[in-house]
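1. Need the 3D shape of this:
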Amino acid sequence: MRLLIDIGNLIDHLIAYHSDDASSINIALKIYSHSSMYYGIFEQNINKLCNHFNVIKYLYKNKLCGTQQHLRFVIIQRIAIQIELFSLSNFRTLTQIDQQVIFKLFELSIHRYSE
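-> Prediction:
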């Protein structure tokens with residue numbers, strides 16, 4: 001929480017005194033947005049997990065029992081991916097930190113036009 005407050009103050013200072021320094025503002029916004037993520041997992045990571053799961057499922061296919069009989073760790077990995085997908089799609093709430101990020105981005109986007 002302290003990091004978000006400090007980065008927010010840094011963005012305010014950059015907008016007030018160094019509004020033409022786009023690279024510094026961009027880096028500060030990246031730090032601000034990455035530190036305010038909810039669960040620490042991105043959609044790209046889930047896509048990589050799904051691709052990895054399909055490779056593992058193909059490699060460890062139990063050819064004696066048929067196509068639907070997978071090893072136990074493959075089934076557990078599939079359940080873990082489904083839980084991550086569920087939490088990514090259903091547990092997005094707009095927190096106070098998210099509101100601050102949205103307001104800072106909005107303020108940054110209209111700052112040039114107000115001068």
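2. Next one: the nearest residue to Ile31 once chain neighbours are set aside from Leu59, what distance?
-> Nearest residue to Ile31 in three dimensions, chain neighbours excluded: Ile7, at 5.5 Å (C-beta to C-beta, 6 or more residues apart in numbering). For every residue, glycine as well, the C-beta is placed using N, CA and C. The spacing between Ile7 and Leu59, counted by C-beta to C-beta, to the nearest Å, is 43 Å.
3. Looking at the two, which has the bigger crowd around it?
-> Residue environment comparison for Ile7 versus Leu59 gives the larger neighbour count to Ile7, 21 against 8, counting by other C-beta atoms under 10 Å.
4. distance of that one from Leu85?
-> 30 Å.
5. Under the pLDDT cut-off, which ranges of the chain? List them.
-> 1-4, 34-44, 62-70, 89-95, 97-98, 109-115 (pLDDT under 70).
6. what's the domain layout of it?
-> The chain breaks down by automatic domain parsing into domains covering 1-38+94-115, 40-92.
7. Strands of the protein, start to end?
-> Here the chain has no strands by DSSP state E.
8. which residues of it fall in helices?
-> Using DSSP state H, the helices assigned to the chain run over residues 2-17, 22-35, 43-59, 72-90, 96-114.
9. Name the residues of stretch 72-92 that are buried.
-> Taking 16 or more other C-beta atoms under 10 Å as the neighbour-count basis, stretch 72-92 is seen to contain the buried residues Val74, Gln77, Arg78, Glu84, Leu88.
10. Could I have the CA atoms of that stretch written out in CSV?
-> The C-alpha trace of stretch 72-92 is given here as CSV (Å, rounded to 0.1, in the frame of the first residue of the first chain):
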residue,chain,number,x,y,z
ARG,A,72,-3.7,-37.9,-11.5
PHE,A,73,-1.3,-34.9,-11.7
VAL,A,74,-2.7,-34.0,-15.2
ILE,A,75,-6.2,-33.9,-13.7
ILE,A,76,-5.0,-31.8,-10.7
GLN,A,77,-3.2,-29.4,-13.1
ARG,A,78,-6.4,-29.0,-15.1
ILE,A,79,-8.4,-28.2,-12.0
ALA,A,80,-5.8,-25.6,-10.9
ILE,A,81,-6.1,-23.9,-14.3
GLN,A,82,-9.9,-23.9,-14.1
ILE,A,83,-9.7,-22.3,-10.6
GLU,A,84,-7.3,-19.6,-12.0
LEU,A,85,-9.7,-18.9,-14.9
PHE,A,86,-12.7,-18.7,-12.5
SER,A,87,-10.9,-16.3,-10.2
LEU,A,88,-9.7,-14.2,-13.1
SER,A,89,-13.1,-13.8,-14.6
ASN,A,90,-15.4,-13.7,-11.5
PHE,A,91,-13.5,-11.9,-8.7
ARG,A,92,-12.8,-8.6,-10.3
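11. All good on my end, thank you.
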